[in-house]
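> using only what follows, build the 3D model:
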Amino acid sequence: MSPIPAKRLLVSCGALCLAWLGGCAAMPDTSPWPAMSALPESEPVTQRLTFHHGGKTQQLLGILRHDARSLTLVVLSPQGQRLLTLDVDDEQAHFLADAAFEPPFSADWLASRLIWSLWPEPSLTAAFAGTPWRLEQEGTTRDVSYRGTPVVRIERHPHCLSIDDRQGRYRLQIERLQTATLGKASANGDSPNKDASNNNVEGSCPTP
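Numbers count the residues shown, from 1 in each chain. Below is the predicted model:
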């Protein structure tokens, strides 16, 4: 499969970002977050990111890695073209200068969604203490709210993670790919030719 033309790729990414942004202005960009060390270290993981919004679906790739000091998410096109890199530490979240477009949402906003999904419940509850943010967890389902208003519902399934953003009105499904070849190459700044459709996922997400 040939790479997506640059103009088409940027238009597509811009539309996706606007979908993310819808409704975000009503909430603060970020919640307090726990220390990076509260999450066990992990090698880079390659994931398929499927966005559902307004009856449309778009797939991208994500390379996620974290250690005791930082969390990094590299967002790629299905062909492996680097689009955006988020870096988070105990003090701040920021986008690296390698972005293929100017995201209309803040790094803090994106970092919060990741942290709400990944960090242990006790760490998040402690970080939210004394603030308007609340976390409720029942089984494998998490609900995050701000001043009593639902913000995000996160559901863990056997083979995927589903993030239902009540403010942005989108659903994100994250499936882990069995192969880490693309993730290692892209995280190192290489340009892999392998398409996302050629990478097997460990299991399927429920149909939204």
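> how about the helices in this structure?
Applying DSSP state H to the chain gives helices spanning 6-21, 107-118, 121-128, 181-187.
> weakest of those by average pLDDT?
Sorting the helices of the chain by mean pLDDT places helix 181-187 lowest, at a mean of 44.
> quick one: residues contacting the residue positioned nearest the centre of the chain.
Among the residues of the chain, the one closest to the centroid is residue 114, at 5.3 Å (C-alpha atoms, centre = their mean). Applying C-beta atoms under 8 Å, 6 or more residues apart in numbering to residue 114 gives the contacts 64, 71, 73, 86, 88. Using the backbone N, CA and C atoms, a C-beta is placed for each residue, glycine as well.
> repeat that for residue 35.
Residues near residue 35 by C-beta under 8 Å, 6+ apart: 90, 123.
> offset the numbering so it begins at 48, please.
Taking 48 as the first residue, the last one we looked at is residue 82.
> report pLDDT for it.
95.
> ramachandran angles for it?
Note on residue 82: its backbone torsions stand at phi -60, psi 150 [degrees, to the nearest 10].
> how close does it sit to residue 172?
14 Å (C-beta to C-beta, to the nearest Å).
> returning to that earlier point: just send the contacts of residue 161 back as CSV, with neighbour count, distance to residue 223 and pLDDT too.
Below are the contacts of residue 161 laid out as CSV (neighbours: other C-beta atoms under 10 Å; distance: C-beta to C-beta, whole Å; pLDDT from 0 to 100):
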residue, neighbour count, distance to residue 223, pLDDT
111, 23, 9, 93
118, 22, 16, 95
120, 19, 14, 94
133, 21, 18, 95
135, 23, 20, 96
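> which of these sits closest to residue 201?
Top of the list for closeness to residue 201, among those and by C-beta to C-beta, is residue 111 at 15.2 Å.
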